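S.K.: Coordinates only, no sequence provided:
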């Protein structure tokens, strides 16, 4: 038996999920009643494949910038250290279908992007590590599996 951990994703059986998917990973309620909804946007099958860092980094920049054009409740979009996906945190927005729609629009924005936003030494901590082409490939792969996003487990 695996010990229960403080981090939600450490309690997820990564051998039972089937990427790609988008799942609600948790809801945190603040003392004033605000709720943060955290979504697990998984692109790659855990422990089988991963995103290469330059492509992941560029996709992060593109998604973090563009998702806010389609969803006003965004708190953060950040990559997973395992390089298999991203977390999207939104405040006071309990609309899974709306999240999926905003994600689809965001990924389509990536496909037509001509540059990676904030890809310079002033705005980025590792500006040399980017791949617009790689980001577009990842976005295309995820969009091609759009019909599977709701299916988390085998």
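M.R.: Ah, there it is. It should be emphasised that the depicted structure is a prediction, and the values quoted were computed from it without experimental measurement. Numbers count the residues shown, from 1 in each chain.

S.K.: give me the beta-bridge partners of residue 22?
M.R.: Residues in a beta bridge with residue 22, per DSSP bridges, are residue 41.

S.K.: Isn't it up against residue 146?
M.R.: No. With contact defined as Cβ atoms under 8 Å, residue 22 does not reach residue 146; the gap is 9.9 Å. Just so you know, the C-beta spots here come from the backbone N, C-alpha and C atoms, and that holds for glycine as well.

S.K.: Between the two, which is the more surrounded one?
M.R.: Just comparing residue 22 and residue 146: by other Cβ atoms under 10 Å the higher neighbour count belongs to residue 22, 24 against 14.

S.K.: so who does that one touch?
M.R.: Shown in contact with residue 22 (Cβ atoms under 8 Å, 6 or more residues apart in numbering): 39, 40, 41, 42, 99, 100, 103, 149, 150.

S.K.: and the residue positioned nearest the centre of the chain, helix, strand or coil?
M.R.: The centroid of the chain falls nearest to residue 86 when counting by Cα atoms, centre = their mean (2.8 Å). Using DSSP: H, G, I helix; E, B strand; the rest coil, the secondary structure recorded for residue 86 is strand.
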